[in-house]
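> Please work out how this folds:
(chains A and B)
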Amino acid sequence: MADAHAHDDHGDDYLVHSHITSIKTYVLVFGALVFLTGLTVAAYNVRLGDYNLFVAVLIAMVKSSLVGAYFMHLKYEKKFNILFFVGSLIFVGIFLAYTLNDTENRGEESVQGERIDPGTGDYAHGTALPLETQGEFQPFPPNMIPSDAEGDGEGD
Amino acid sequence: MANEHHGPKYLSHHFDTPKQQFESAKLGMWLFLGQEILFFSGLFVAYGIFRSWYPESFSVGSHLLDWKMGAINTIVLLFSSFTAAMAVRASQVGEQEGVPESEKLALGGKKWTSIFLWITFLCAAGFMVVKYFEYSHKIHVGTLPGQFFGHPGFNMDELAGPEFYEELHRAGLAAYESGGATVIPYHLRTFFGIYFVMTGLHGLHVLIGMGLVLWIIRKNQRGDFSAEYNTPVDIFALYWHLVDLVWIFLFPLLYLID
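Got it, this is the predicted structure:
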């Protein structure tokens, strides 16, 4: 008891005061999540072409925001903790954007596995050459060998 | 000597106050969840690359999955997240001793915490049962990743039977009709690599969650938690919601492609 009295001085900084969400809120959020799942399936059956992926990801983002804000109590969480969670999501975006910026610009793949630069029609940088043209190992496709390197070859 | 015990039983000796202990636990958990997101992000990026390279494989591949099973599992997992949140609430409300009957909050206390955690456990088990049926069907038919594509039971000496070709034909036709594919593509095996690794890693998280929830139920039954101290329930629920979050994205990305 003496202990308890001593801690009275700490006031609100001593014990944990969690925000208690009402049952009604949880039920409503669950209902919204089920509705959005139905909406995802419904959107799948509508042909929107490339927008189907966009719509599906958008609905998934709304759903995860609901789970995050209410079930995970992010709405009442400390800003510092939100920073870590949202920050990691931002880095996922950077990861995805930078990687796709590479992999989407490697040119088009032809049947043999070599990649053609859609701009010039030449072999794309770093490509594997078609088997019939493969002789010695060439780090660059023929059209990209620097001129002085060719000169050196002739000199030998 | 004076510091041997300095407050409530649940307060560890290296913390000054319950609040400090709670906030440290929360901070640690959010760091872990951030790590989990980055951990899964590698697979989501791989998904993005392969889907943009081989869109037809992903179209035919998704038609080889049963979206109804995926939808059922989505609802099951959402419901388990709901019950996990209700379990946290029940433990936060506590036993409400000395509170007049008219002012008591419903569904609170140790009994309800256990009930909601058990429902969460059962939903997780249900999720894994559906997953088991999906996996065993694919292993039986031979829709498997990489070199095992067309080799039922991951057995390279075994060749897929008519069931495999019938399924491919049906999925290819469905993908063709929805405008997703014109052929049955070679890289279908890549889609199944992505499918098995992503759902497999997610399933592993579900299994770990099932273990964790049993541990939390045991602690709750032992009377470890109260309105003042329920951090483990809270932390477990955060983990469980993250598992739910990953599935929210996996379901449309794997099962619902034109």
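> per-residue confidence for residue A:124?
Residue A:124 is assigned a predicted lDDT (pLDDT) of 67.
> err, residue A:129, not the other one
53.
> Please apply the same query to residue B:180.
Reading off the confidence values, residue B:180 has pLDDT 88.
> any idea where the helices of chain A begin and end?
Counting by DSSP state H, the segments of chain A that form helices are A:2-7, A:23-44, A:51-66, A:79-103, A:147-155.
> Going by mean pLDDT, which of those comes out lowest?
The weakest mean pLDDT among the helices of chain A belongs to helix A:2-7, with a mean of 44.
> For residue B:49, which non-adjacent residue is spatially closest?
Sequence neighbours aside, residue A:103 is the residue nearest to residue B:49 in space, at 4.7 Å (criterion: Cβ to Cβ, 6 or more residues apart in numbering or on different chains). C-beta: built from backbone N, CA, C; applies to glycine.
> before we move on, the earlier item: so which of the helices of chain A gets nearest residue B:77?
Proximity to residue B:77 (Cβ to Cβ) singles out helix A:23-44 among these, at 9.9 Å.
> What residues of the closest one count as buried?
A:26, A:29, A:30, A:33, A:34, A:36, A:37, A:40, A:41, A:43, A:44 (16 or more other Cβ atoms under 10 Å in any protein chain shown).
> same thing with stretch B:157-174?
Buried, per 16+ other Cβ under 10 Å, within stretch B:157-174: B:160, B:164, B:167, B:168, B:171, B:172, B:174.
> Mind telling me what element the fifth one is part of?
Element membership of residue B:171, judged by DSSP states H and E, is helix B:162-177.
> neighbouring contacts of that helix?
B:56, B:59-64, B:141-143, B:150, B:152, B:181-184, B:188, B:258 (Cβ atoms under 8 Å, 6 or more residues apart in numbering or on different chains).
> try 6 Å
For helix B:162-177, contacts defined as Cβ atoms under 6 Å, 6 or more residues apart in numbering or on different chains pick out B:59, B:60, B:63, B:64, B:141, B:142, B:181, B:184.
> dump the residue contacts of the third one.
By Cβ under 6 Å, 6+ apart, the contact set of residue B:63 is B:171, B:174, B:175.
> The last one and residue B:258, how far apart?
It refers to residue B:175. Residue B:175 sits 8 Å away from residue B:258, taking Cβ to Cβ, to the nearest Å as the criterion.
> Which residue of the two possesses the greater neighbour count?
Using other Cβ atoms under 10 Å in any protein chain shown, the more surrounded residue of residue B:175 and residue B:258 is residue B:175, with 26 against 22.
> and the more buried one, how far is that from chain A?
In this view, residue B:175 and chain A are 13 Å apart by Cβ to the nearest Cβ, to the nearest Å.
> Could you tell me which residues of chain A lie near chain B?
Neighbours of chain B within chain A, by Cβ under 6 Å from any Cβ of the partner chain: A:13-16, A:18, A:20, A:26, A:30, A:33, A:37, A:40-41, A:44, A:52, A:56, A:60, A:63-64, A:67, A:71-72, A:81, A:84-85, A:88, A:92, A:95-96, A:99-100, A:103.
> would you turn the contacts of residue B:63 into CSV with pLDDT and distance to residue B:127?
Output for these, formatted as CSV (pLDDT from 0 to 100; distance: Cβ to Cβ, whole Å):
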residue, pLDDT, distance to residue B:127
B:171, 93, 24
B:174, 92, 26
B:175, 91, 27
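> export the residues you listed to JSON lines and tack on distance to residue B:122?
Listed next are these as JSON lines, based on distance: Cβ to Cβ, whole Å:
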{"residue": "B:171", "distance to residue B:122": "33"}
{"residue": "B:174", "distance to residue B:122": "34"}
{"residue": "B:175", "distance to residue B:122": "36"}
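> Could you point out which of those is nearest to residue B:124?
Using Cβ to Cβ, the contacts of residue B:63 come closest to residue B:124 at residue B:171, 29.3 Å.
> How about that closest one: what's its closest non-neighbour residue?
Computed as Cβ to Cβ, 6+ apart, the closest residue to residue B:171 that is not its neighbour in sequence is residue B:63, at 3.8 Å.
> Which pLDDT value belongs to that neighbour?
95.
> And the helices in the stretch 101-250 of chain B, which stretches?
B:110-141, B:162-177, B:188-221, B:231-250 (DSSP state H, counting those that start in this stretch).
> Mind checking those for the one nearest to residue B:101?
Closest among the helices of the stretch 101-250 of chain B, using Cβ to Cβ: helix B:110-141, at 16.2 Å.
> angle of that closest one against helix B:162-177?
Angle of helix B:110-141 versus helix B:162-177, following axes from the mean of the first three to the mean of the last three Cα atoms, to 10 degrees, is 100 degrees.
> Check which helices and strands helix B:110-141 sits against.
Using 3 or more Cβ pairs under 6 Å, 6 or more residues apart in numbering or on different chains; DSSP states H and E, the elements in contact with helix B:110-141 are helix B:67-93, helix B:162-177, helix B:188-221.
> For residue B:130, list the residues it contacts.
Shown in contact with residue B:130 (Cβ under 6 Å, 6+ apart): B:69, B:73.
> excluding its backbone neighbours, what's nearest residue B:118?
residue B:217 (6.6 Å).
> ugh, wrong one, I meant residue B:197
Per Cβ to Cβ, 6+ apart, closest to residue B:197 is residue B:43, 6.3 Å.
> name the element that neighbour belongs to?
Element membership of residue B:43, judged by DSSP H and E, is helix B:18-53.
> can you give me the angle that helix makes with helix A:79-103?
With the same axes, to 10 degrees as the basis, helix B:18-53 and helix A:79-103 are set at 20 degrees to each other.
> re the thing from before, separation between the residue nearest to residue B:49 and residue B:185?
As judged by Cβ to Cβ, residue A:103 and residue B:185 stand 18 Å apart.
> Can you pick out the residue with more neighbours from the two?
residue B:185 (20 against 14).
> which residues touch the more buried one?
Shown in contact with residue B:185 (Cβ under 6 Å, 6+ apart): B:56, B:57.
> so how far is chain A from it?
Taking Cβ to the nearest Cβ, one finds residue B:185 at 12 Å from chain A.
> Please tell me I have it right and the residue nearest to residue B:118 contacts residue B:117.
Yes: shown here, residue B:217 and residue B:117 form a contact pair, counting by Cβ atoms under 6 Å, at 4.9 Å.
> out of these two, which sits in the more crowded spot?
Taking neighbours as other Cβ under 10 Å, residue B:217 and residue B:117 compare with residue B:117 leading, 27 against 21.
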